[in-house]
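Asks: next one to model:
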Amino acid sequence: MPGFSGPISAFVLSGGKSSRMKQDKALLRFRDRYLIEYPIDVLQQLTTDVRIIGDPLRYGFLKLPVVADQVESNGPLSGIYTGLNVSDSRYSLFLACDMPFMQPEFFRLLLERIGEADAAVIRLKDGKVEPLAAIYSKTGLPAIEGNMVSGYFKITDFLDQIRVTYLEEDGLSGIGLSDRIFANVNTPKDLLLLESTS
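Replies: This is a model prediction of the structure:
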C-alpha cells in the first residue's frame, strides 16, 4: 500500500534547556560537525521545508528558518506544538538535534505506515517509544493544547489521546537499520560513548 506522498514539513528540535548536558547540546561537536547538522542533513533528504525550533539568534548561522517556541518551553511537547502550529503541511517530521546516526529511510518507512493516523512513532523491544524521531499531524494540535493548559507535558500522555501508528522495532531490519539510529546525547558521558563506538 503506498504511503503518504503529499507536501511534508520537517523540524529539528534544538534540545531545549539541555539541563543534563549543562550546555547547548545542539552545538556540541561530533566528528568535526555540530550535532544539529546531522538531523538537518537527514531531513533535507526528505523535504525542502526544513526548519529549526529554537532560538533564532543562536541557530541563525545554520542558514535555515528558525522558529522560536510559541509557548513557554516545557520540554519537547512545546516544540512539537510550535512546529505543527506553523506547518503548512498535514504531516510534519520531527527529529531531535542529538541523534547523529538517524537515517532518512526510517522516516520514509514511517510515511509508508502512517495511514490516516495522527502520528507515526516507533515502539522499541522494551516497550518504550521514541517520540522525538516521529511524524505528527496537525490534527493532534487540540490534544496538545488541552494537555498544556492542564499542565501535562509528557509526550506519552499526548500519544495516549490520539490515533498512533506504531512501528515495531523488528520492522527496522527490513530496511537495513537497527536501534542504533536512536542513539542520542543527554550527558557528556553519552557523547564520549558515541565517539568511542562510532
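Asks: once you drop chain neighbours, what's closest to the residue nearest the centre of the chain?
Replies: Central residue of the chain (CA atoms, centre = their mean): L95, 2.2 Å from the mean position. Of all residues not flanking L95 in the chain, P39 sits nearest, at 4.4 Å (CB to CB, 6 or more residues apart in numbering). Yep, even glycine has a C-beta here, placed from its N, CA and C like the rest.
Asks: how deep is the one you found tucked in, by neighbour count?
Replies: 28 (other CB atoms under 10 Å).
Asks: and G6, by the same measure?
Replies: The number of residues near G6, taken as other CB under 10 Å, comes to 8.
Asks: and it, what does it touch?
Replies: S89, R90, Y91 (CB atoms under 8 Å, 6 or more residues apart in numbering).
Asks: could you list which residues are in contact with D118?
Replies: Per CB under 8 Å, 6+ apart, neighbours of D118: Y136, S137, T139, G140, A143, I162, R163, V164.
Asks: okay, the nearest residue to it once chain neighbours are set aside and S9: tell me how far apart.
Replies: Excluding the flanking residues, the one nearest D118 by CB to CB, 6+ apart is I162, at 3.9 Å. From I162 over to S9 the distance is 18 Å, taken as CB to CB, to the nearest Å.
Asks: those two: which has the busier surroundings?
Replies: S9 (22 against 16).
Asks: about what we covered before: element containing the residue nearest to L95?
Replies: helix 37-44 (DSSP states H and E).
Asks: contacts only, for D55.
Replies: S14, V66, A68.
Asks: quick revisit: will you turn the contacts of G6 into CSV that also has pLDDT?
Replies: Compiled in CSV, those are given as follows (pLDDT from 0 to 100):
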residue, pLDDT
S89, 94
R90, 93
Y91, 96
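Asks: so which of those residues is the most crowded?
Replies: Most neighbours among these, by other CB under 10 Å: Y91, with 24 neighbours.
Asks: bridged to it, which residues?
Replies: I8, S137 (DSSP bridges).
Asks: OK, contacts around it?
Replies: F4, G6, I8, S9, L111, I114, I135, Y136, S137.
Asks: now the buried members of the residues you listed.
Replies: Those of the contacts of Y91 that meet the buried threshold are F4, I8, S9, L111, I114, I135, Y136, S137, by 16 or more other CB atoms under 10 Å.
Asks: returning to what we had before: which of the contacts of D118 fall in strands?
Replies: Secondary structure from DSSP state E places Y136, S137, V164 of the contacts of D118 in strands.
Asks: picking that back up, shouldn't the residue nearest to the centre of the chain be within a strand?
Replies: Yes - checked against DSSP: H, G, I helix; E, B strand; the rest coil, L95 lies within a strand.
Asks: list phi and psi for M102.
Replies: phi -60, psi 150 (degrees, to the nearest 10).
Asks: that one: what's it in contact with?
Replies: Y38, P39, V42, L95, A133, I181, F182.
Asks: mind running it again at 7 Å?
Replies: Counting by CB atoms under 7 Å, 6 or more residues apart in numbering, M102 touches Y38, P39, V42, L95, A133, I181.
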